[in-house]
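**Student:** please work out how this folds:
(one chain, ligands or ions: 1)
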Amino acid sequence: MKVTVGVSGGIAAYKAAELVRALQQQALDVHVVMTASAQKFITPLTFAALTGHRVITGLWDSDGEVPNANSAIEHISEAQSTKALAIAPATADLIARLAHGMADDFLTTMALATPAPLVLAPAMNVQMWEHAATKANIATLRERGARIVAPESGHLACGMLGDGRLAKIETIVAGVLDALHRRHDLASETVLITAGGTREALDPVRYLGNRSSGKMGYALAEAAQARGARVILVSAPTQLKPPAGCEYIPVTSAEEMRQAVLERLLEATLVIKAAAVADYRPRMQAEQKIKRTGPLTIELEPTEDIVAEVVRARKPGTLVIGFAAETERQMENARSKLERKGVDAIVLNDVARPEIGFDSDRNAVTFLTSSTSIDLPEMQKRGLADRILDEALMLRRPRQIVAEMDSSSAYTTR
Ligand code: PMT
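**Tutor:** You can find the predicted model right below:
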């Protein structure tokens, strides 16, 4: 399996050679990309000799004038073919450029172009590491799903003492292996995900709807797909593009969603119901547009509870995770849903908070089971989706077994 080590220009750049060797000992095919400043600390020849591959040092040809013939394609093929991009050391400057989506050299261009997990091992002076700008950039990258292998404390090259030393090589290797492992930890799963807000027609023009944008469900679909799962996405109308590689089934109403879900249910090993499904629909749908003639009373009827039906109809071993969108008495209402619907877990989010939940890029949830309650703090929905999938996987493996695995394994799987 191919992985790429990115090297940026810090005094710890020489340690990247040790990282390359350590990754090769894990039977990984290591390729190296260097920034211009990295080459002031260590030569490309070192890495070419270690890896047996040409070291990529830039987007331009040797005299820096024109893009070399294959560079326009090379960074895309390099980005698409690698299974993980590990940048060690990651300097403050490189971290800032990554956080702001810059693409002014091969490494940052590749980081934007790759779907592979990003592992960052920062190394810098303690003041730079503690600086608010660096902290903010790190937080941004972490929320987007990057794995940060935090620097260690100790004597720094500049003579100061404190955080900023490159993490131990074995710790960085563990981070890369965990990222690779995560890439395939859903390979045996078929994940059926619902997303978006259903629309219950009043007449040919009007409908009852809600504020769901679909972002949470689509983030789950994207994350599951990136981790090797087969994903079936049943989606109410959204403004979002379905994640590449997912089987996409568009629906509009709660009844259409119900039918689509039940039709595919027996293929699923994991069902995640992130959609905002209408609880009520108009008992009668007008055939023509309702005319404006003073006060109007509309009688509503309850829709079928899809998730409860899914629990009853699923094949043995299929996990079902529901969501709970609550505005008050959060835990009480979520626990009641957990019991009433018979799901394996409920993902509770407080939709009274304007900055998370409906239509936001961010969310904060509590992953609730009959015996546990795990708070997953506010972050981008894409990073949170991975965390929710981690907890879903834990449902398959009792915690004590995982604890034993973590203590004995060369790297943690969490
Ligand atoms: O889409 P976004 O803008 O990203 O917003 C995300 C979200 C807030 C919509 C999402 O995080 C969320 O909370 N989704 C569930 C919304 C909802 O309908 O919650 P609920 O508490 O009303 O329903 C509980 C569970 O029952 C949900 O899993 C829901 O999908 C399911 N349900 C509800 C009604 C129904 N008739 N059938 C169902 O299956």
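
**Student:** okay, now the domains of this structure?
**Tutor:** Listed by automatic domain parsing, the domain ranges of the chain are 2-180, 190-403.

**Student:** dump those domains to TSV, plus mean pLDDT.
**Tutor:** TSV is the format used below for the domains of the chain (pLDDT from 0 to 100):
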stretch	mean pLDDT
domain 2-180	89
domain 190-403	94
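
**Student:** export those domains to JSON lines and tack on mean neighbour count?
**Tutor:** From N, CA and C alone the C-beta is placed, and that goes for glycine too. Output for the domains of the chain, formatted as JSON lines (neighbours: other CB atoms under 10 Å):
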{"stretch": "domain 2-180", "mean neighbour count": "19"}
{"stretch": "domain 190-403", "mean neighbour count": "18"}
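
**Student:** okay if I get these as TSV plus distance to the ligand?
**Tutor:** Shown next, in TSV, are the domains of the chain (distance: least, CB to the nearest ligand atom, whole Å):
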stretch	distance to the ligand
domain 2-180	15
domain 190-403	3
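
**Student:** which residues of the stretch 151-300 of the chain fall in strands?
**Tutor:** 152-155, 161-165, 190-195, 200-201, 207-208, 230-235, 247-250, 270-273, 280-282, 300-302 (DSSP state E, counting those that start in this stretch).

**Student:** name the strands paired with the third one and say parallel or antiparallel.
**Tutor:** To tie it back to what came earlier, the one meant is strand 190-195. Strand 190-195 sits in its sheet next to strand 230-235 (parallel), strand 270-273 (parallel), going by DSSP bridges.

**Student:** so what touches the longest one?
**Tutor:** The set of residues external to strand 230-235 that reach it, using CB atoms under 8 Å, 6 or more residues apart in numbering, is 189-196, 214, 217-218, 221, 224-225, 242-243, 245-251, 257, 260-261, 264, 267-268, 275.

**Student:** Ala392 is in contact with Leu319, correct?
**Tutor:** Yes: with contact defined as CB atoms under 8 Å, Leu319 reaches Ala392; the gap is 6.2 Å.

**Student:** can you list residues touching both of the two?
**Tutor:** By CB under 8 Å, 6+ apart, the residues touching both Leu319 and Ala392 are 270, 345.

**Student:** contacting residues around Gly162?
**Tutor:** Contacts of Gly162 by CB under 8 Å, 6+ apart are 126, 129-130, 153, 156.

**Student:** host element of Ile87?
**Tutor:** strand 85-90 (DSSP states H and E).

**Student:** packing partners of that strand?
**Tutor:** strand 2-7, helix 15-24, helix 92-99, helix 106-113, strand 118-122, helix 169-184 (3 or more CB pairs under 8 Å, 6 or more residues apart in numbering; DSSP states H and E).

**Student:** centre of the chain to that strand, how far?
**Tutor:** Distance of strand 85-90 from its chain centroid, counting by CA atoms, centre = their mean, to the nearest Å, is 19 Å.

**Student:** got it, and stretch 20-31?
**Tutor:** On the basis of CA atoms, centre = their mean, stretch 20-31 sits 25 Å off its chain's mean C-alpha point.

**Student:** hey, C-alpha coordinates of it in CSV?
**Tutor:** Coordinates of each C-alpha in stretch 20-31 appear next as CSV, following Å, rounded to 0.1, in the frame of the first residue of the first chain:
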residue,chain,number,x,y,z
VAL,A,20,10.3,6.7,6.0
ARG,A,21,12.3,3.7,7.2
ALA,A,22,9.8,3.0,10.0
LEU,A,23,6.9,3.1,7.6
GLN,A,24,8.7,0.8,5.2
GLN,A,25,9.1,-1.7,8.0
GLN,A,26,5.3,-1.7,8.1
ALA,A,27,5.4,-3.0,4.5
LEU,A,28,4.3,0.3,3.1
ASP,A,29,5.5,1.7,-0.2
VAL,A,30,6.6,5.2,0.8
HIS,A,31,6.8,8.1,-1.6
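
**Student:** what's that stretch in contact with?
**Tutor:** 1-5, 32, 47, 50-51, 53, 56, 78, 82, 86, 169-170, 172-173, 176-177.

**Student:** about what we covered before: looking at the strands of the stretch 151-300 of the chain, which is closest to Ala103?
**Tutor:** strand 161-165 (26.7 Å; CB to CB).

**Student:** next, the angle from that closest one to strand 118-122.
**Tutor:** For strand 161-165 against strand 118-122, the angle by axes from the mean of the first three to the mean of the last three CA atoms, to 10 degrees is 150 degrees.

**Student:** please name the strands paired to strand 161-165 in the sheet, noting orientation.
**Tutor:** For strand 161-165, pairing defined by DSSP bridges yields strand 152-155 (antiparallel).

**Student:** just the helices in the stretch 251-400 of the chain please.
**Tutor:** 254-264, 306-313, 330-341, 381-394, 399-408 (DSSP state H, counting those that start in this stretch).

**Student:** to Ala99, which of the ones you listed lies closest?
**Tutor:** helix 381-394 (13.8 Å).

**Student:** what are the contacting residues of that closest one?
**Tutor:** Residues contacting helix 381-394 (CB under 8 Å, 6+ apart): 142-145, 182, 185-186, 215-216, 219-220, 222-224, 227, 270, 272, 319, 321, 345, 347, 360-365, 367, 374, 376, 379, 402, 414.
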